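Visitor: just a sequence and a predicted model for now, questions to come.
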Amino acid sequence: MVPGTPSTAAVRRHVARTRAAAVSAGEWCLARPPVVAAALALLALGYAAVRLFSALPAGTWPWLGDSVIFEYVGWFLAEGNRLYIDVWEVKPPLSFEVTALLAVLAGEHVALYHVLNLLANAVTIAVGAAAAAGLVHDLTDDRLAAVVAGVAPFALPTYFYRALVGFKPKYLVIATGLGCLWLAFRERPLVAGAVSAAAVGLWQFALVFPCCVVGVCWQTGGRRAALRAVAGGLGAGVVVLLPVLYWGALPAMVAETVLAPLLLTRGQPLLARVGDIGWALGSWAPVALVGLAGVARSITAGRLAREWPLLVLVGWFSLQLAALDYDNPPDLFPWLAVVSLGVGLAVADVRDRSGGLVARLPVDGATLARALAAAVLVLATVAVATMGGFVTDPPRTDPKTYDTTREYALNVSGPDDLDGVERQYVYWNRVPIANCRAFGAANQQRLVRRLGLAEGQRWETAPCGRFDPTWRAVRSEYGFGGGNATATAGRDTQR
């Protein structure tokens, strides 16, 4: 033996210790489904990112879509402007406060700022997967079912592709919504209430989460726990509203995020909307059916008292999609995340085989559960591997093409009503917008005319954040006073 070399026995001991450490680490992970689900989500998202960005020409980015508004407004606020007064927005403030913070961290580096927004999406997706897995594991004590619930959303390519485009608050809604419910089941009422308030600060329809949290806390800890949840929610709500209060924009926020949606909601034939949703689901439809069946099983005796929040959430978000708010596929994501919990419950039910058709099949429950879980995981794997076709000539934007020689309706005061290309321009070049309605659309135009804010002027020049005329129009619309608003609305309609 050469002097200084380890003996064969020492090498064997080292290999044995290494193997034991690896096995121990593997067992540690397998015993913690939230960790596994989050790791798989990040792995899938990382692979999808490599596929997408390697398919783009150097220096280009995927077309930002409406993410350009969230990211631009974040920078706009970081520059000292006021939300709801200097820029009109129907969304609650927290998502813009998040992007404003990222803008401060990035400084003048636009590409770095955009990357930080993409990383924020990745983190929140991982947190959402972990929360889903944790919820299902606590409800079923089934580790496989928990992991399946966390990764089931990846069977829909739009779910992960949209995270690679730009900031999307729906991922934060999922992370905070499922997270607060998990915390409530784990009897952490104060933190659960605070996180549920954050969900509402991102999206109005997330109001269902604090309602469920208070209900669960009342069940598990009585009146005291429910009050702690309410206190946590109120405290977090105050923190979220601090920038709005500092801007003096609270009445403007109420006008634009609470009252304006009551005037902008337009009906669409139910069958047409269901058809649009079915088209958006695509190959995820079978997964959705499994998930809905899993949630429906919560109605059975002995489970309803504990799993009722899942039924409430599925019902609420189904109503949102069918009748209130569905404009594009990301509106599906909260519903999809909740239905994915049902996928996990279905896997656990099949393993248990406690009744119904499954109990009469000539196959043991464990085999059926593994087969169902494998089917969902294979669908997710195929979706990520193929990227749903999004890597085939994906829509892209090249910041270098945006220069002042292009006719983007730009002048010394900046753009007026921006279309999709102009939005890309003002984002990548940090061009100050000309007025608070620069990111206007048909809904804003209808609202301005409905409120009579642009008499004899272009609608884009109407001031933002006007509480009084918005409140009068709501009173008139819903029949509890406001005759003047009715007359004004009539004049606007005739113009």
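Guide: Thanks, I have the structure now.

Visitor: where exactly do the strands run in the chain?
Guide: Remark: strands assigned in the chain by DSSP state E are 61-62, 396-397.

Visitor: which one of the ones you listed is the most hemmed in?
Guide: Each of the strands of the chain was scored by mean neighbour count; the highest is strand 61-62, a mean of 22, by mean count of other C-beta atoms under 10 Å. All C-beta spots, glycine's among them, are computed from the backbone N, C-alpha and C.

Visitor: off-centre distance for it?
Guide: Taking C-alpha atoms, centre = their mean, to the nearest Å, one finds strand 61-62 lying 20 Å from the centre of the chain it belongs to.

Visitor: returning to what we had before: comparing the strands of the chain, which yields the minimum mean pLDDT?
Guide: The weakest mean pLDDT among those belongs to strand 396-397, with a mean of 67.

Visitor: still on that earlier bit, could you redo the strands of the chain as JSON lines and give each row distance to A375?
Guide: Formatted as JSON lines, the strands of the chain follow (distance: least, C-beta to C-beta, whole Å):
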{"stretch": "strand 61-62", "distance to A375": "30"}
{"stretch": "strand 396-397", "distance to A375": "34"}
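
Visitor: so which of those is nearest L164?
Guide: strand 61-62 (6.3 Å; C-beta to C-beta).

Visitor: packing partners of that closest one?
Guide: strand 396-397 (3 or more C-beta pairs under 8 Å, 6 or more residues apart in numbering; DSSP states H and E).

Visitor: just give the number of residues close to the nearest residue to P210 once chain neighbours are set aside.
Guide: Computed as C-beta to C-beta, 6 or more residues apart in numbering, the closest residue to P210 that is not its neighbour in sequence is S196, at 3.9 Å. By the criterion of other C-beta atoms under 10 Å, S196 has 32 neighbours.

Visitor: which residue ranges of the stretch 101-250 of the chain form helices?
Guide: Using DSSP state H, counting those that start in this stretch, the helices found in the stretch 101-250 of the chain span residues 110-140, 143-151, 157-161, 169-185, 189-200, 208-247, 250-253.

Visitor: could you look over those helices and pick the most buried one?
Guide: The most buried one of these (mean count of other C-beta under 10 Å) is helix 143-151, showing a mean of 29.

Visitor: surely A126 meets L43?
Guide: No. Using C-beta atoms under 8 Å, A126 makes no contact with L43, being 10.0 Å away.

Visitor: list the residues that contact V214.
Guide: Counting by C-beta atoms under 8 Å, 6 or more residues apart in numbering, V214 makes contact with G193, A226, A229, V230.

Visitor: which pair in these spans the largest distance?
Guide: G193 and A226 (9.0 Å).

Visitor: before we move on, back to that, I'd like the helices of the stretch 101-250 of the chain as JSON lines, with distance to A454 and mean pLDDT appended.
Guide: JSON lines is the format used below for these (distance: least, C-beta to C-beta, whole Å; pLDDT from 0 to 100):
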{"stretch": "helix 110-140", "distance to A454": "33", "mean pLDDT": "94"}
{"stretch": "helix 143-151", "distance to A454": "49", "mean pLDDT": "93"}
{"stretch": "helix 157-161", "distance to A454": "37", "mean pLDDT": "89"}
{"stretch": "helix 169-185", "distance to A454": "29", "mean pLDDT": "95"}
{"stretch": "helix 189-200", "distance to A454": "31", "mean pLDDT": "95"}
{"stretch": "helix 208-247", "distance to A454": "23", "mean pLDDT": "94"}
{"stretch": "helix 250-253", "distance to A454": "17", "mean pLDDT": "94"}
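
Visitor: what's the closest of those to L263?
Guide: Nearest of those (C-beta to C-beta): helix 250-253, 15.4 Å.

Visitor: tabulate the CA atom coordinates of the closest one in CSV.
Guide: What follows is helix 250-253, C-alpha atoms only, in CSV (Å, rounded to 0.1, in the frame of the first residue of the first chain):
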residue,chain,number,x,y,z
LEU,A,250,-58.1,55.4,-0.1
PRO,A,251,-61.3,56.9,-1.7
ALA,A,252,-59.8,56.5,-5.1
MET,A,253,-58.9,52.8,-4.4
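
Visitor: find the residue at the geometric middle of this protein.
Guide: K170 (1.3 Å; C-alpha atoms, centre = their mean).

Visitor: that one touches P334, doesn't it?
Guide: Yes. Using C-beta under 8 Å, K170 is in contact with P334, at 6.3 Å.

Visitor: anything in contact with each of these two?
Guide: The contact lists of K170 and P334 share W203, where a contact means C-beta under 8 Å, 6+ apart.

Visitor: identify the residue nearest P243 in space, chain neighbours excluded?
Guide: Per C-beta to C-beta, 6+ apart, closest to P243 is E97, 5.9 Å.

Visitor: the one you found: what's it in contact with?
Guide: By C-beta under 8 Å, 6+ apart, the residues touching E97 are L77, V240, P243.

Visitor: pLDDT weak spots in this protein?
Guide: Scanning the chain for pLDDT under 70 picks out the ranges 1-31, 265-270, 301, 353-365, 389-396, 398-421, 456, 480-495.

Visitor: out of the strands of the chain, nearest to T381?
Guide: Closest among the strands of the chain, using C-beta to C-beta: strand 61-62, at 22.4 Å.

Visitor: may I have the strands that pair with that closest one, each with its orientation?
Guide: The sheet places strand 61-62 alongside strand 396-397 (antiparallel), with pairing taken from DSSP bridges.

Visitor: give me the number of residues near A41?
Guide: Around A41 there are 25 residues (other C-beta under 10 Å).

Visitor: surely it and A152 touch.
Guide: No. Using C-beta under 8 Å, A41 makes no contact with A152, being 10.7 Å away.

Visitor: overlap in contacts of these two?
Guide: Contacts common to A41 and A152, judged by C-beta under 8 Å, 6+ apart, are absent.

Visitor: in the stretch 301-450 of the chain, which spans are helices?
Guide: Going by DSSP H, counting those that start in this stretch, the stretch 301-450 of the chain shows helices at 304-319, 333-352, 365-386, 420-429, 442-451.

Visitor: most packed of the ones you listed?
Guide: helix 333-352 (a mean of 27).

Visitor: how far away is I174 from A129?
Guide: Distance check for I174 against A129: by C-beta to C-beta, to the nearest Å, it reads 9 Å.

Visitor: ok, so of the contacts of E97, who is nearest A285?
Guide: Looking across the contacts of E97 and measuring by C-beta to C-beta, the closest to A285 is V240, at 36.1 Å.

Visitor: contacts only, for that closest one.
Guide: V240 neighbours (C-beta under 8 Å, 6+ apart): P92, P93, L94, E97, A197, A198, G201.

Visitor: pick out the most distant pair among those.
Guide: Of all the pairs that the contacts of V240 form, the one spanning the most space (C-beta to C-beta) is E97 and A197, at 13.3 Å.

Visitor: ok, back up a step: for Q424, which of the helices of the stretch 101-250 of the chain is the nearest?
Guide: Smallest distance to Q424 across the helices of the stretch 101-250 of the chain (C-beta to C-beta): 11.5 Å, for helix 110-140.

Visitor: re earlier: nearest to A348 among the contacts of V240?
Guide: The closest of the contacts of V240, once distances to A348 are taken by C-beta to C-beta, is A198, at 29.1 Å.

Visitor: so who does the closest residue in space to the closest one that isn't next to it in sequence touch?
Guide: Nearest residue to A198 in three dimensions, chain neighbours excluded: T176, at 4.7 Å (C-beta to C-beta, 6+ apart). Listed by C-beta under 8 Å, 6+ apart, the contact set of T176 reads V195, S196, A198, A199, L202, A206, F209.

Visitor: tabulate those in a markdown table, adding columns for distance to E477.
Guide: Formatted as a markdown table, these follow (distance: C-beta to C-beta, whole Å):
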| residue | distance to E477 |
| --- | --- |
| V195 | 34 |
| S196 | 30 |
| A198 | 30 |
| A199 | 28 |
| L202 | 26 |
| A206 | 24 |
| F209 | 28 |
